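Visitor: no sequence on this one, just coordinates:
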C-alpha cells in the first residue's frame, strides 16, 4: 500500500458564534429573553438600558470636567466633542446641580452614583430616625417545615425524631413517599452512628484536656483536637464498645468499660419503627401525607375521622378490601360481594370523591405557573384589521454606553496597552451585535406571527371551531424562512387573543378529509370527539366503535383506530373506566 499526499477541495457550512447566539435568542420566550438581556448588560459595560442611563447634560459636564486630567490634542478630538459644548444657561444649571472637585479622577461619577445608590437602598441605614427598623418580611413555611413542627409535638425519642425528619424530607411535592423505607432506615442509622461518635468523642475530650492545654489553645487552636496515644487508643476501643464488640477490648479496664457503656447514646431504628412512624405521619395535617400509594392516602383520610357514617364506613371497607374492583369500576362485583344496593354504593363512591388524592398539593404549592404571552393579537376597532404586537415591554431597550463609547474614542490618543484596546473594541462589537440581534429577532417573530394570522384568520375571527390544518412547512413557504427557524420561534411561545391565550403549537395540526372532500383540522375532530363523550350517557358510555359512528354522523369519517388514538391523546379513558353509577 502506497502512502501519499493529495489536495481535495470541498465545501462546508459552519455557524459563527454570533449566528449561534442569534439562534439561541430566537427560541427564548419573553421571560427568559429578559433575563438574558439583563445578564448581557451586567457582563458588557458597553451596553446600558435607556431607562437607566444618566442625564445627558450631567454626563457631558462630567466629561468636560475630566478633560483637565488628560493631555489630548484638542484639534484631533474637535469633531468628537463639538456636540458637548454647553450654552451659558446649561452651564449655570450644571454648576448648581453638581458639586465636584476642579480636577476629579476619571469616571469618578461612578463612585458617586454607587455611593448614592447604596445610601438610598441600604435597608440598615438609620438616617435622622434613630428608631428606624428594617421592614421584616415573614417567611412562608413550606410543607416540610410544617410537618416537622407538627411531629415535634409528639415528644418522640431523639432517634425517632431523626427518622421522622428523614421520612418527611423524602416526601415528594405531591405528598407521596416514593423512596424505599429500607433505604431511609439505613440512612437514618448512619446519622445516628455519627451522632453517637460525636457524643463519645466529646466525652473523651472533656476528660482528657488539662488546663495547660486549654491555655495553649490561644496560641494554636488546632491543638484542642489533638489526642495523645493513650487517648487515641481509648477512643478506638470506645467505638468498638458502641458497636457491641466488648470482647475485642481487652486493653480497657472493667471500670473504663462501665464508664463508656454509661455514655448516653442513641439506639438504631428498625423498619418496624419506620412503619409505625409512617402511620403517624399520614395522620398529620394534611391527612394522607407520606402515603406510598393512593389507597393508603385515601384510607388515612377516612381513618382520622372521629365517627364514620354508614356511607363512609362502606367507603372505608371498599378501599381496604375491594380496591382493585373499585379502580376498574367493576361495581357489580362490589354490590354482589357486599350485598349492597347501587344507591348505597353510589353514596360511598361520592364520599371517596370528596377525599384528596394529592395531599401535598393543597395550600403548599411553592410555584404558580404563569404564562406571559410573547404576542398580542387584536382587531383594530376602526377598520377591523388584525393587529399583531410583540409583547416586549419587559425587555430593556439597549443602547451603547456613551461613557464607554467616548472611552473607546480616547483609546487612540492615550497610552493604553494592546489588551485594553482589544478588550474595549471587542466589547463594543459584542454590544452592537446584541442590539442588532434583538432588532432582527423582533422582525423575524413578527414575520412568523403575521403568517400565522394570515393563514388562521378565521380562528381569530370566530374561535377554535374555525381553525384550519397547518404545518410548519406552510409558514416556511409563506415567510421564506427555513423550517428549523420557524420551529425555534414557535416552540415555547404564546399568543394572547380575544378567545384566550394559546401556545403557538396549537395552531399547527394535520388535516383529515371530510365527506365533502374538505380538509379539516384534526383539532376540530378532537373537539367534536370531546363533545360527544361529554354528552354520552354516563351509565352506558360509548365504545370506540360507537364513537366512530357518532363522528360519521356529523361529517367526520374517522376509523375506530384513529378514534382510539385521538382519545388517548386527549387523556380520555376507555368506555369501561368512564362508566358511572346513575
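Guide: Good, I have the coordinates. Quantities reported herein were computed from a predicted structural model and do not represent experimental measurements.
Visitor: max-length helix in the chain?
Guide: Longest helix of the chain, by residue count under DSSP state H: helix 418-455.
Visitor: Give the next helix or strand downstream of that one.
Guide: helix 457-462 (DSSP states H and E).
Visitor: what angle separates whichever helix or strand comes after that next one from helix 418-455?
Guide: Counting by DSSP H and E, the next helix or strand C-terminal to helix 457-462 is helix 472-479. Helix 472-479 and helix 418-455 are oriented at 100 degrees to each other (axes from the mean of the first three to the mean of the last three CA atoms, to 10 degrees).
Visitor: for helix 472-479, what is the average pLDDT?
Guide: Average pLDDT, helix 472-479: 92.
Visitor: buried stuff in it?
Guide: 472, 474-476, 478-479 (16 or more other CB atoms under 10 Å). (Each C-beta comes from the backbone N, C-alpha and C, glycine too.)
Visitor: Ok, stretch 417-428 next?
Guide: Going by neighbour count (16+ other CB under 10 Å), the buried part of stretch 417-428 is 424, 427-428.
Visitor: okay, now the spatially closest residue to residue 23 that is not a sequence neighbour: neighbour count?
Guide: Using CB to CB, 6 or more residues apart in numbering and skipping residues adjacent in sequence, the residue nearest residue 23 is residue 488, 6.4 Å away. Neighbourhood size, residue 488 [other CB atoms under 10 Å]: 20.
Visitor: and residue 488, which of the three is it?
Guide: What DSSP: H, G, I helix; E, B strand; the rest coil gives for residue 488 is helix.
Visitor: Can you name the residues that contact it?
Guide: Shown in contact with residue 488 (CB atoms under 8 Å, 6 or more residues apart in numbering): 23, 26-27.
Visitor: Return the distance of it relative to residue 26.
Guide: As defined by CB to CB, to the nearest Å, residue 488 lies at a distance of 5 Å from residue 26.
Visitor: Same question for residue 267.
Guide: Going from residue 267 to residue 26 by CB to CB gives 61 Å.
Visitor: which of the two has more neighbours?
Guide: A side-by-side neighbour count of residue 267 and residue 26, using other CB under 10 Å, places residue 26 first with 21 against 13.
Visitor: my guess is the more buried one meets residue 444, correct?
Guide: Yes. Contact criterion CB atoms under 8 Å: residue 26 and residue 444 qualify, at 6.7 Å.
Visitor: Find residues that contact each of those two.
Guide: Common neighbours of residue 26 and residue 444 are listed as 485, 489 (criterion: CB under 8 Å, 6+ apart).
Visitor: need the contact list for the residue nearest to residue 482 when sequence neighbours are not counted.
Guide: Spatial nearest neighbour of residue 482, chain neighbours left out: residue 476 (6.4 Å); criterion: CB to CB, 6+ apart. Going by CB under 8 Å, 6+ apart, residue 476 touches 482-483, 485-486.
Visitor: So for residue 70, what's the pLDDT?
Guide: pLDDT, residue 70: 39.
Visitor: what does residue 104 give?
Guide: At residue 104, pLDDT is 41.
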